[in-house]
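1. Give me the fold of what follows.
(chains A, B, C and D)
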Number of protein chains: 2
Amino acid sequence: MVATAKNDSDVFAAIGHPARRFILDLLAEGDRSVKVIAGHFRMSRPAVSQHLRVLLDAGLVTEQRHGRERRYHFVPEQLGPVRDWIGQYERFWDDRLRRLQKKLSSGNKE
Amino acid sequence: MVATAKNDSDVFAAIGHPARRFILDLLAEGDRSVKVIAGHFRMSRPAVSQHLRVLLDAGLVTEQRHGRERRYHFVPEQLGPVRDWIGQYERFWDDRLRRLQKKLSSGNKE
DNA sequence: AGTATAGGTAAGCAATAGCTTACCAGTCAA
DNA sequence: TTGACTGGTAAGCTATTGCTTACCTATACT
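-> Here you go, the predicted model:
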């Protein structure tokens, strides 16, 4: 049993804020302490802590203590619901692409 | 020049609300009038109108008037930023999957 | 013309989000 | 043990979100 968000909505809502997406982008490069994360923002450290809390609640990150710091760790699997929801529409892209190609290859008279 | 959201954040924020994702799911099946869309919700019609407005502003839907009704139309291309952002992490899934397979095929002693 | 239908907009509201400053506890180093 | 450092939490504020009801316009129907 893995720690998960209460529901998928939390994940969608969590990535709704640009600062939180940026935090995930940072963590994708490797685990980071709060201090290092906060160093990339102009907002206060507590504000960053609060964003981390949202990500934690959504299960998108985990934390591990190392001495007096806490390293946050990205859990990409938790993006699954978003991935799935988006994936559902892949065929739209494909369909349109196919139609476009067909159009282009058939004379391209406009 | 296609009508687009002012910025990508609008798209992420727009899909942050479950009702709006559901509306997009509905519209993916075909264009729908406001009345039909609202019929799937318990909230008032104006509330639905407001959600449609958010989707419109994000460029995720378009509207076309047909007599006294307005048909809303899904524009999946506008999900591009989300798709791209998520796509960035596909390798994580792949990497972990690969690691897991390797582990499983090498004795599976735990 | 008169009435019904579709749907947007305004006003008002309660709840939530996002931020700040102030404060606290735990860890480390002198 | 005294001080510096990391980082969470509380309180308080403002702006935004999500909803409601009331109202308006435009189209259609008879």
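2. Surely A:H17 touches A:H51?
-> Yes. A:H17 lies in contact with A:H51 (Cβ atoms under 8 Å); the separation is 7.0 Å. Just so you know, the C-beta spots here come from the backbone N, C-alpha and C atoms, and that holds for glycine as well.
3. And these two? Which one has more around it.
-> A:H51 (20 against 17; other Cβ atoms under 10 Å in any protein chain shown).
4. OK, contacts around the more buried one?
-> A:H17, A:A19, A:R20, A:I23 (Cβ atoms under 8 Å, 6 or more residues apart in numbering or on different chains).
5. And these, which of them are buried?
-> A:H17, A:R20, A:I23 (16 or more other Cβ atoms under 10 Å in any protein chain shown).
6. The last one: what's it in contact with?
-> In this case it means A:I23. A:I37, A:V48, A:H51, A:L52, A:L55, A:V61, A:Y72.
7. Pick out the most distant pair among those residues.
-> A:V48 and A:V61 (12.2 Å; Cβ to Cβ).
8. And the two? Which one has more around it.
-> Between A:V48 and A:V61, counted using other Cβ under 10 Å, A:V61 has the larger neighbour count: 24 against 20.
9. Which helix or which strand is home to the residue nearest to that one when sequence neighbours are not counted?
-> Sequence neighbours aside, A:L55 is the residue nearest to A:V61 in space, at 4.5 Å (criterion: Cβ to Cβ, 6 or more residues apart in numbering or on different chains). Per DSSP states H and E: A:L55 is located in helix A:45-57.
10. If you count neighbours, what's buried in that helix?
-> A:V48, A:H51, A:L52, A:V54, A:L55, A:L56, A:D57.
11. I'd like these laid out as CSV, including pLDDT and distance to DNA strand C.
-> As requested, the buried residues of helix A:45-57 are exported to CSV (pLDDT from 0 to 100; distance: Cβ to the nearest atom of the strand, whole Å):
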residue, pLDDT, distance to DNA strand C
A:V48, 98, 8
A:H51, 98, 6
A:L52, 98, 11
A:V54, 98, 6
A:L55, 98, 11
A:L56, 97, 13
A:D57, 97, 10
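12. which one of those is nearest chain B?
-> A:V54 (11.8 Å; Cβ to the nearest Cβ).
13. so A:A14 touches A:R53, yeah?
-> No. Between A:A14 and A:R53 there is no contact under Cβ under 8 Å: 10.2 Å.
14. how many other residues sit next to the residue lying closest to A:G16 once chain neighbours are set aside?
-> Closest residue to A:G16 apart from its sequence neighbours, by Cβ to Cβ, 6+ apart: B:G16 at 3.6 Å. If you count neighbours by other Cβ under 10 Å, B:G16 ends up with 18.
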